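Participant: Build me a model:
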Amino acid sequence: MYENSQVWEDKLPMSKSALESTWLYHEIGRCYLETGRFEVAREFGEKASEAAEEADDDEWKLHAGVLVSQALGMEH
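Facilitator: Numbers count the residues shown, from 1 in each chain. Coordinates of the predicted model:
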């Protein structure tokens, strides 16, 4: 699964919008969550949340918040 996150991370510099970055950060965070790297997953969830705020997209704000919450819950 880590390899999958690298594919998304390689696409980040090519992102053309805050919304696209939100999606990429979220997907990267999900990959890390699924591989047990909860702190890194939380960090990418926070980045997704910031990008969703910039994009003013309530649905992605919610998705990012869920990712952060899941990662936090697993960290402890």
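Participant: Sort out which residues of the helix or strand bottoming out on mean pLDDT in the chain are buried, please.
Facilitator: When the helices and strands of the chain are compared on mean pLDDT, DSSP states H and E, helix 2-11 comes out lowest with a mean of 77. Buried positions in helix 2-11, judged by neighbour count with 16 or more other Cβ atoms under 10 Å: Ser5, Trp8. Heads up, the C-betas are built off the backbone N, CA and C, glycines and all.
Participant: before we move on, what about stretch 9-18?
Facilitator: Residues of stretch 9-18 classed as buried: Ala18 (neighbour count, 16+ other Cβ under 10 Å).
Participant: do the same with stretch 64-76
Facilitator: Within stretch 64-76, the residues scored as buried using 16+ other Cβ under 10 Å are Ala64, Leu67, Val68, Gln70, Ala71.
Participant: For Trp23, state which of the residues you listed is nearest.
Facilitator: Nearest to Trp23 among those is Ala64, at 10.1 Å by Cβ to Cβ.
Participant: Just the element for that closest one, please.
Facilitator: Here Ala64, judged by DSSP states H and E, is contained in helix 58-75.
Participant: Show me what that helix is in contact with.
Facilitator: 19, 22-23, 25-26, 29-30, 32-33, 36, 38-39, 41-42, 44-46, 48-49, 51-53 (Cβ atoms under 8 Å, 6 or more residues apart in numbering).
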